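Peer 1: Just the structure for this:
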Amino acid sequence: MGSINTPFVVFGYGSLIFKPPPHVQSQTSGFLKGYVRRFAQESHDHRGTPENPGRVVTLIHKEDWDHFSRSDAFPDEDIVWGIAYTIDPDYEAEVRDYLGKTMVQDGYTMETLHVYTIENGIEKIAIQDAFCYVGRPDNPSFIGSEPLEDLAQRIWASEYLYRLAESVRQLAPASYDSHLFALEERLRELDRMANDDH
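Peer 2: Below is the predicted model:
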């Protein structure tokens, strides 16, 4: 059974944006403050193999990221756009289990965060205490910063980044992610170069 007091709301900032969890009652586009979204997590199963791990996007506390990436191309950004999903209370346990199997096994930690929005040009809290899976630097799958070119080469063949970038663009007129969009542009350049070679 679900919680009687407060609804279970989970914030999606990666593939959950374009592949929502089951049993969603409502969804709200919004953003988190004090975090960055980066491809700083290894994936040994759904985006790679144990021998050749892929990369997945993770949410990282901005102050933690600053310790790992003094050379970040976008050091002043600390807003992450995504979608807050309110889950049907009758299915809360099922959805928690569904998300936990994927996220926890890859080293993510669940935290509660406020989700913000902009209404009439004014920033305000849209949802208090939404749940979100965060990549902490002490988890075994966290790899930290990689040069943009190296990262682009590693994830080049994946449609994941393209779907995520387009989904972020569609969230709200103000939704933006410099790191994500720069990586997308580099992948498009790699695509053009590959097509020119054929």
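
Peer 1: In three-state terms, label the residue lying closest to residue 136 once chain neighbours are set aside for me.
Peer 2: The shortest distance from residue 136 to any non-neighbouring residue, by C-beta to C-beta, 6 or more residues apart in numbering, is to residue 109 (5.3 Å). (Each C-beta comes from the backbone N, C-alpha and C, glycine too.) Following DSSP: H, G, I helix; E, B strand; the rest coil, the label given to residue 109 is strand.

Peer 1: And the one helix or strand in the chain whose mean pLDDT sits lowest, what's buried?
Peer 2: Scoring the helices and strands of the chain by mean pLDDT, DSSP states H and E places helix 148-155 at the bottom, with a mean of 81. Of the residues in helix 148-155, 148, 151-152, 154-155 count as buried by neighbour count, 16 or more other C-beta atoms under 10 Å.

Peer 1: buried sites along the longest helix seen in the chain?
Peer 2: Longest among the helix segments of the chain by residue count, using DSSP state H, is helix 178-197. For helix 178-197, the buried set under the neighbour-count rule, 16+ other C-beta under 10 Å, comprises 179-180, 183-184, 186-187.

Peer 1: From the chain's centroid, how far away is it?
Peer 2: Offset of helix 178-197 from its chain centre (C-alpha atoms, centre = their mean, to the nearest Å): 20 Å.

Peer 1: who does it touch, helix- and strand-wise?
Peer 2: Secondary-structure packing of helix 178-197 (3 or more C-beta pairs under 8 Å, 6 or more residues apart in numbering; DSSP states H and E): strand 35-43, helix 148-155, helix 160-171.

Peer 1: So which of those is nearest residue 28?
Peer 2: Set against residue 28 and scored by C-beta to C-beta, the helices and strands packed on helix 178-197 come closest in helix 160-171, at 10.0 Å.

Peer 1: Distance to residue 143 added to the buried residues of helix 178-197, as JSON lines?
Peer 2: Output for the buried residues of helix 178-197, formatted as JSON lines (distance: C-beta to C-beta, whole Å):
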{"residue": "179", "distance to residue 143": "15"}
{"residue": "180", "distance to residue 143": "17"}
{"residue": "183", "distance to residue 143": "15"}
{"residue": "184", "distance to residue 143": "20"}
{"residue": "186", "distance to residue 143": "18"}
{"residue": "187", "distance to residue 143": "19"}
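
Peer 1: tell me the SS of residue 125?
Peer 2: With three-state DSSP as the criterion, residue 125 reads strand.

Peer 1: How about the contacts made by it?
Peer 2: By C-beta atoms under 8 Å, 6 or more residues apart in numbering, residue 125 lies in contact with 114-117.

Peer 1: Which of the residues you listed fall in strands?
Peer 2: 114-117 (DSSP state E).

Peer 1: on that earlier part again, run a quick check on the residue nearest to residue 136 versus residue 131, I expect a contact.
Peer 2: No: judged on C-beta atoms under 8 Å, residue 109 makes no contact with residue 131 at a distance of 10.8 Å.
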